[in-house]
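Attaching a predicted model along with its sequence, questions to come.
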Amino acid sequence: AQSVAQPEDQVNVAEGNPLTVKCTYSVSGNPYLFWYVQYPNRGLQFLLKYITGDNLVKGSYGFEAEFNKSQTSFHLKKPSALVSDSALYFCAVRDSPGGSYIPTFGRGTSLIVHP
Amino acid sequence: EAEVAQSPRYKITEKSQAVAFWCDPISGHATLYWYRQILGQGPELLVQFQDESVVDDSQLPKDRFSAERLKGVDSTLKIQPAELGDSAMYLCASSPGETQYFGPGTRLLVL
């Protein structure tokens, strides 16, 4: 079975400071990992994904995430936060081919960037 | 840039009434998903289609929910009768492979 955990319901950061949104996962095989962002009353927007290769993945809007196999983590990061980054962030995982093709989503982390 | 279209964006209905949501995926995407997202939670899969065939509907409450994708393009999700607990955001997503692309969602309120 696959699962994903986002241990923080909310993350607060000042504009211009670095931000981290945490995600840990559990799969039986190799993980496919995703980050999505959701603005109020909108659908989810794809930010980035890790399938294979370099552990540091760069995505949209200056976000990046680091895959850490030993810690089973895929934390989302950004060097300098913007107020407009304030939104709900979802981590998702699915098993590599041979496992479930349907991603499992975390509960979401609300990111609040203060001016 | 191509997007997943959904309508209506908002729907208010009374319990025991029937409601229907429509989704038009990105052209060429064979896989289509319907998710339900309760406020404060992540999306939960209701049904997955590959072309016109249902791949997974294990989490779909089949006594009241139905979904179809007759020509393998657009899709309709129906609830009949609606219950108070069905109030949620209903998201449609399509995919050409690993990545899912979501529509704006339909916010349903059942009174």
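Yes, it's here. Residues are numbered from 1 along each chain as shown, chains lettered A, B, ... in the order given.

residues from chain B in reach of chain A?
Residues of chain B lying close to chain A by Cβ under 8 Å from any Cβ of the partner chain are B:4, B:6, B:33, B:40-45, B:48, B:55-56, B:91, B:93, B:98-105, B:107. All C-beta atoms are positioned from the backbone trio N, CA, C, and that covers glycine.

which among those residues end up buried?
Those of the residues of chain B next to chain A that meet the buried threshold are B:4, B:6, B:33, B:42-43, B:45, B:48, B:56, B:91, B:93, B:99-105, B:107, by 16 or more other Cβ atoms under 10 Å in any protein chain shown.

Give me the subset of the residues you listed that lies in strands.
Mapping these onto strands (DSSP state E) picks out B:Gln6, B:Tyr33, B:Leu45, B:Gln48, B:Asp56, B:Leu91, B:Ala93, B:Tyr101, B:Phe102, B:Arg107.

now those as a markdown table including pLDDT and distance to A:Ile102?
As requested, those are exported to a markdown table (pLDDT from 0 to 100; distance: Cβ to Cβ, whole Å):
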| residue | pLDDT | distance to A:Ile102 |
| --- | --- | --- |
| B:Gln6 | 97 | 20 |
| B:Tyr33 | 95 | 8 |
| B:Leu45 | 92 | 5 |
| B:Gln48 | 93 | 6 |
| B:Asp56 | 88 | 6 |
| B:Leu91 | 95 | 14 |
| B:Ala93 | 95 | 11 |
| B:Tyr101 | 92 | 15 |
| B:Phe102 | 94 | 14 |
| B:Arg107 | 94 | 23 |
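
and these, which two are the farthest apart?
The distance between the two most remote of these (Cβ to Cβ) is 24.3 Å, for B:Asp56 and B:Arg107.

Among the ones in strands among the buried ones among the residues of chain B next to chain A, which one lies nearest to A:Phe90?
Using Cβ to Cβ, B:Phe102 comes nearest to A:Phe90 of these, at 10.3 Å.

Contact partners for that closest one?
Listed by Cβ atoms under 8 Å, 6 or more residues apart in numbering or on different chains, the contact set of B:Phe102 reads A:Tyr36, A:Gly43, A:Leu44, A:Gln45, A:Phe46, B:Val4, B:Leu91, B:Cys92, B:Ala93.

picking that back up, in a markdown table, list the ones in strands among the buried ones among the residues of chain B next to chain A along with distance to B:Lys62.
As requested, those are exported to a markdown table (distance: Cβ to Cβ, whole Å):
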| residue | distance to B:Lys62 |
| --- | --- |
| B:Gln6 | 22 |
| B:Tyr33 | 17 |
| B:Leu45 | 14 |
| B:Gln48 | 15 |
| B:Asp56 | 13 |
| B:Leu91 | 19 |
| B:Ala93 | 21 |
| B:Tyr101 | 27 |
| B:Phe102 | 24 |
| B:Arg107 | 23 |
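
Could you point out which of these is nearest to chain A?
Nearest to chain A, judged by Cβ to the nearest Cβ, of those is B:Phe102 at 3.7 Å.

give me the number of residues near the residue lying closest to that closest one once chain neighbours are set aside?
Using Cβ to Cβ, 6 or more residues apart in numbering or on different chains and skipping the chain neighbours, the partner closest in space to B:Phe102 is A:Gly43 (3.7 Å). Counted with other Cβ atoms under 10 Å in any protein chain shown, residues neighbouring A:Gly43 total 23.

now do A:Val13
Using other Cβ under 10 Å, A:Val13 has 19 other residues around it.

give the contact list for it.
Contacts of A:Val13 were listed using Cβ under 8 Å, 6+ apart, and they are A:Leu19, A:Ala81, A:Leu111, A:Ile112, A:Val113, A:His114.
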